[in-house]
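> Sequence plus predicted model, see below.
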Amino acid sequence: MSSASEAPAIGLTHSASEDTGLGHRGPESKSIVVPYGFWLFVLSDMVLFSALFATYATLVHATDGGPVTNELFDRNLVAIETFALLISSFVCGLAMITAKRANMVWTQAWLLITGLLGFVFLSIELYEFSTMIAEGAGPQRSAFLSSFFTLVGCHGAHVTAGLLWLGTMMAQIWAKGFQPHIMRRLLCFSVFWHALDIIWVAIFTIVYLIGTLP
Amino acid sequence: MFGRLTWDAIPFHEPIPLITSLVVLIAVAVIGIWVTKKGWWPYLWNEYITSPDHKRIGIMYIVLGLVMLVRGFADAIMMRLQQSLAIGASQGYLPPEHYNQIFSAHGTIMIFFVAMPLVIGFMNFVVPLQLGVRDVAFPTLNNVSFWLTASGALLINLSLFVGEFARTGWLGFPPLSEKAFSPGVGVDYYLVALQISGVGTVLTAVNFVTTILKTRAPGMSYLRMPVFCWTSLASNLIILAAFPVLTVSLGLLMLDRYLGFHFFTNDGGGNSMLYMNLIWVWGHPEVYILVLPAFGIYSEVASTFSGKPLFGYRSMVFATMVICVVSYMVWLHHFFTMGAGADVNAIFGIASMIIGIPTGVKIYNWLFTMYGGRVRFNVPMYWLIGFMLTFVIGGLTGVLLAIPPVDFIVHNSLFLVAHFHQVIIGGVVFALMAGYTYWFPKAFGFTLDERLGKAVFWCWFIGFHLAFMPLYVLGFWGGTRRMQHISDPSWAPWLHVALLGAVIIGIGIVLTVVQLLYSIKTRDQRRDITGDPWDGRTLEWLTLSPPPHYNFAVLPDVHGEEAYWTRKQMAIKEERLIDEPDYQPIEMPVNTPTGVIVAFFASLCGFAIIWYIWWLAILGLIGAFAIFVWYAWRDEHEHIIPVEEVRANARERRRIRMENLHTISQSV
């Protein structure tokens, strides 16, 4: 199957699926099943984050006499971080469009920019973490800081895993071209990358915005 | 170089673990030599270890579950023996620190490595067959899931030989499980083993929800799915939403222990009640993860052996989905006494009682399925009836416990122990035994011996009631759980009866092995030639026993509830099978050692984390990543089964079916 005819089937357009949900057609094709399964995995990942958010909400005031949110967070830095991640997600979308057209050079270029922006995000996060730890506000200081580092760090760990995946993906597209199974994998990657954005928006709001209210 | 691992980790001075370790090692070596001598390794490697076939993976899960059942039962009988001996002046034979490890290991093993693998094993074996498809949505991932579960089981067993196990109960409550109070490796074994097997379980859930919602035979709409598929769907949805919370609660405890965080510690603002909430947000739904598929098995058994469609199919589906949702709203009843306040307790108490309503609906549905039917008393039916008697009592004591003022009196008592064993053994284990007997011929092509099967049932049924009814009494008298020593001599008779019950259950387990060996020996007289030994109603009985690895030559067309029954009756009436379809070559996934290699690295990494051997942990992670990339790079995804082979097999099946058309249905 050429990549062009696979494109509608992997959900890049909306023309293919006429499934009523009643199963009259028999088993769905892989191009439906694979992203669907991956979506379910992402949903379970969201549940994981929701447990971490609950933990953070429970412990945010348990500062044990240590620093509180207002003394630690820098809105400007987080704004840059957020822009890097959101633009990275947009660029990932561009990569999907060029991949659909089987344009190797541009796909690789957009994916590279996606990764670089992700790397910028991660670097700022690590800088923030190291400054905090240097100021004596490390995760061992209080329950609040434990939950902060775990929630934000877990997101960071997901971004790191995403970058590892992205690098492997780029090498694979380069070596094997736009085969259907690789296109499906790329679609899963982009689902993952956008999902990390959604979680970041929640972190941005709940941790940083509320945390820096006067 | 080796972290905290030294020679002291081997229990040279403790005879019980040392002798057990030696016996297990010798047994493993003997089995290894035997398999090597028989030259079975290539067969095992190709047909089981690396197989993406859902039926083979299901069988591996069930074997794992049964082996671990023996381990968990050994713990159980040791506890019963200790409590029967250590009364009054006697201290028994188990020192407290060893006894504590045993009850922790018993709970952990029975839930995570017996009940879960058995339940998932049955889902693996049965669901794709009942849906009329050739495999699960992600066959290779399925193999990976199994091996990750096996990796967790390996680490748990390793704690017997190297180091120690947790002494903190099966849920490892902080602050006791914190580094300050449990500095040894026991809790780390517990945490790491559960994290690894938990990943496997989540991947299984992804796989099965996708399979059930997206890959079904043509015409099988939601309300034509067998009830076992529905309950499996509900169970996997719960896994998907509950297991990540377990991962978080255990993960936070690991951060506390390894990196000095303050989630649940007594100092630094930590909050151990947070752990209780998180772990029970997983823990209560977990009960339903286990019992819903069990209800599915009972539903299949009830309708097959009553020769009737399931009574109230739609209400059964509805009840299942109600339980699926409400199971999330009752977790607080596990700690009514911990100060949530009367209002909150009342809400959770009422929610806990409400969940009894859909369960009651199910009991009536099974009863009415039997009513007016031609009930055949085969072994699975014994388990069903035994279950209904036992489970209803367990449910009623559960409703008692759901009343907060009552719970204040009996919480953490032997009454509670008796209650949850009654619902888990009476509900889940009985179903698994029923399912084992029911689907065994489908898996291996011959039935299990009925007489021995009934003996096994009576051992479990009588043994269970003798073992746990006394605990209700002792619970009312104030007996708390997990006691290494009993100071009141008047309890002795009750504890002796409980021990006798456990011994009878033990005889039942031995008889299960005897039944298996005897049935294998006499298999030629008990062949299932037609593929439909019980006069079944669902699609797994349409294909031969054992099924070809692609299950169905062509996917069956489904035209109503009870897909296979309708088709069978049509064939009997018209005295012919449906027209021979146009056979096509079949694509099936290729074998891959990815799962077993990933699990090898995961075990290595887990072991290294437990013992603080950091270089090895990093090596394990790199290895696991490398094997994934290697797998992702493969070019061969499927192998083709040529149409000639498919056609020849299908014609053979049709010939057998035609010859046996009249004997196939005994109830007509």
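Cool, the structure landed.
> remind me which residues of chain B are low pLDDT?
Low-confidence segments of chain B (pLDDT under 70): B:664-668.
> One more pass at 90, please.
Applying pLDDT under 90 to chain B flags residues B:1-3, B:6-21, B:160-161, B:339-340, B:529-530, B:557, B:559-561, B:569-582, B:634-639, B:656-668.
> quick one, strands of it?
With DSSP state E as the criterion, chain B has strands at B:586-589, B:638-641.
> Format those as JSON lines; extra columns: distance to chain A and mean neighbour count.
Where you see a C-beta, it was placed from the backbone N, CA and C, and this is true even at glycine. Shown next, in JSON lines, are these (distance: least, C-beta to the nearest C-beta, whole Å; neighbours: other C-beta atoms under 10 Å in any protein chain shown):
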{"stretch": "strand B:586-589", "distance to chain A": "11", "mean neighbour count": "17"}
{"stretch": "strand B:638-641", "distance to chain A": "10", "mean neighbour count": "12"}
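> Could I get those in CSV, plus columns for distance to B:H284?
CSV is the format used below for the strands of chain B (distance: least, C-beta to C-beta, whole Å):
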stretch, distance to B:H284
strand B:586-589, 36
strand B:638-641, 41
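> of the ones you listed, which approaches A:P180 most closely?
A:P180 sits nearest to strand B:638-641 of all the strands of chain B, at 12.5 Å, using C-beta to C-beta.
> Each with direction, which strands does the closest one pair with?
Strands adjacent to strand B:638-641 in the sheet, as given by DSSP bridges, are strand B:586-589 (antiparallel).
> check contacts around B:P175.
Residues near B:P175 by C-beta atoms under 8 Å, 6 or more residues apart in numbering or on different chains: B:181, B:264-266, B:270, B:272.
> Give me the distance between it and B:P244.
24 Å (C-beta to C-beta, to the nearest Å).
> Likewise for B:S299?
To B:P244, B:S299 is 29 Å away according to C-beta to C-beta.
> Could you find the closest non-adjacent residue to B:T538?
Nearest residue to B:T538, sequence neighbours excluded (C-beta to C-beta, 6 or more residues apart in numbering or on different chains): B:P226, at 4.5 Å.
> My error: substitute B:M570 in the last question.
B:M570's closest residue in space is B:I578 (C-beta to C-beta, 6+ apart), at 7.7 Å.
> Below-threshold pLDDT in chain A: ranges please.
A:1-30, A:214.
> and the longest helix for it?
helix A:143-176 (DSSP state H).
> From the contact counts, what lies against that helix?
Contact here means 3 or more C-beta pairs under 8 Å, 6 or more residues apart in numbering or on different chains; DSSP states H and E; on that basis helix A:143-176 packs against helix A:30-59, helix A:104-134, helix A:180-203, helix B:227-259, helix B:614-632.
> For that helix, which residues meet the burial criterion?
Residues of helix A:143-176 classed as buried: A:143-156, A:158-159, A:162-163, A:165-166, A:168-170, A:172-173 (neighbour count, 16 or more other C-beta atoms under 10 Å in any protein chain shown).
> From B:M329, how far off is the closest residue to B:I239 other than its chain neighbours?
Of all residues not flanking B:I239 in the chain, B:A205 sits nearest, at 3.7 Å (C-beta to C-beta, 6+ apart). Noted for B:A205: a distance of 20 Å to B:M329, by C-beta to C-beta.
> and what of B:I613?
In terms of C-beta to C-beta, B:I613 sits 43 Å off from B:M329.
> Between these two, point out the one with more neighbours.
Shown here are B:I613 and B:M329; by other C-beta atoms under 10 Å in any protein chain shown, B:I613 has more neighbours (20 against 16).
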